[in-house]
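Compute the structure for the input listed below.
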Amino acid sequence: MTDDATLTAVRLDKWLWAARFFKTRALAVTAIEGGKVHVDGAKAKPGRGVHLGNRLTIRRGHELFEVHVTGLSESRGPATVAMTLYQESEASLQARQQQQQDYRLGLLSRPVAGGRPTKKDRRDWQRHQGEL
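All right, here's what the predicted structure looks like:
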């Protein structure tokens, strides 16, 4: 295994795993092959080399990260070290925070179910449906 200080390129799937965007390399590979990860605006393969200065676009669920690679590592370390491997763009960070806030507000505005329907509720529903 090479020392992280002498690395000039790291496999994309390893870098995503080391930077803690995905919990396992297998999940990173699946995301890359599914077109969820772009390097400098182009689709990539898991074995593609990531270099310092590359721009990555990573879609993970509903989140979209636009990051600039500032460090290379083949091994997964603490989260504080993983955060030094990239710098997220200000626009990406603001968009994600706005999306999280919108999601929270959406959860608060939804009606809360009263729990499991009672026998009376079931009968009322069946009467409404014409079953009784």
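
Tell me which residue is most central in the protein.
By CA atoms, centre = their mean, the chain has its centre lying nearest to Arg60, at 2.5 Å.

what's the pLDDT at the residue nearest to it when sequence neighbours are not counted?
Residue nearest to Arg60 in three dimensions, not counting chain neighbours: Phe21, with 6.4 Å by CB to CB, 6 or more residues apart in numbering. Where C-beta positions appear, they are placed from N, C-alpha and C, glycine not excepted. At Phe21, the model reports a pLDDT of 96.

Show me the beta-bridge partners of the residue nearest to the centre of the chain.
As for beta bridges, Arg60 partners with Glu63 under DSSP bridges.

separation between it and Arg123?
Remark: distance between Arg60 and Arg123 (CB to CB, to the nearest Å) = 45 Å.

for Thr84, same thing?
Distance, Thr84 to Arg123, using CB to CB: 62 Å.

List the residues that contact Lys43.
Contact analysis of Lys43 by CB atoms under 8 Å, 6 or more residues apart in numbering lists 35, 37.

likewise Ala79?
Counted by CB under 8 Å, 6+ apart, Ala79 has contacts Arg20.

distance of it from Leu85?
Computed with CB to CB, the distance linking Ala79 and Leu85 is 11 Å.

low-scoring pLDDT stretches of this protein, where are they?
Filtered on pLDDT under 70, the chain yields the residue ranges 1-5, 110, 132.

C-terminal to the longest helix along it, what's the next element?
Taking DSSP state H as the criterion, the chain has its longest helix at helix 90-109. Downstream of helix 90-109, the next assigned helix or strand under DSSP states H and E is helix 119-129.

CA atoms only for stretch 55-73 - export them in PDB, please.
Presented in PDB, the C-alpha positions along stretch 55-73 are these (Å, rounded to 0.1, in the frame of the first residue of the first chain):
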ATOM      1  CA  ARG A  55     -14.600  18.500  -9.800                       C
ATOM      2  CA  LEU A  56     -17.100  15.800  -8.800                       C
ATOM      3  CA  THR A  57     -20.800  15.900  -8.900                       C
ATOM      4  CA  ILE A  58     -22.300  13.200  -6.600                       C
ATOM      5  CA  ARG A  59     -26.000  12.400  -6.300                       C
ATOM      6  CA  ARG A  60     -26.900  10.500  -3.200                       C
ATOM      7  CA  GLY A  61     -30.600  10.000  -2.800                       C
ATOM      8  CA  HIS A  62     -32.100  13.500  -3.000                       C
ATOM      9  CA  GLU A  63     -28.800  15.200  -2.100                       C
ATOM     10  CA  LEU A  64     -26.600  16.600  -4.700                       C
ATOM     11  CA  PHE A  65     -23.000  17.400  -3.800                       C
ATOM     12  CA  GLU A  66     -20.600  19.500  -6.000                       C
ATOM     13  CA  VAL A  67     -17.100  19.100  -4.600                       C
ATOM     14  CA  HIS A  68     -13.600  20.100  -5.500                       C
ATOM     15  CA  VAL A  69     -11.000  17.400  -4.700                       C
ATOM     16  CA  THR A  70      -8.400  18.800  -2.300                       C
ATOM     17  CA  GLY A  71      -6.800  15.500  -1.000                       C
ATOM     18  CA  LEU A  72      -6.300  11.900  -1.900                       C
ATOM     19  CA  SER A  73      -6.600   8.800   0.200                       C
END
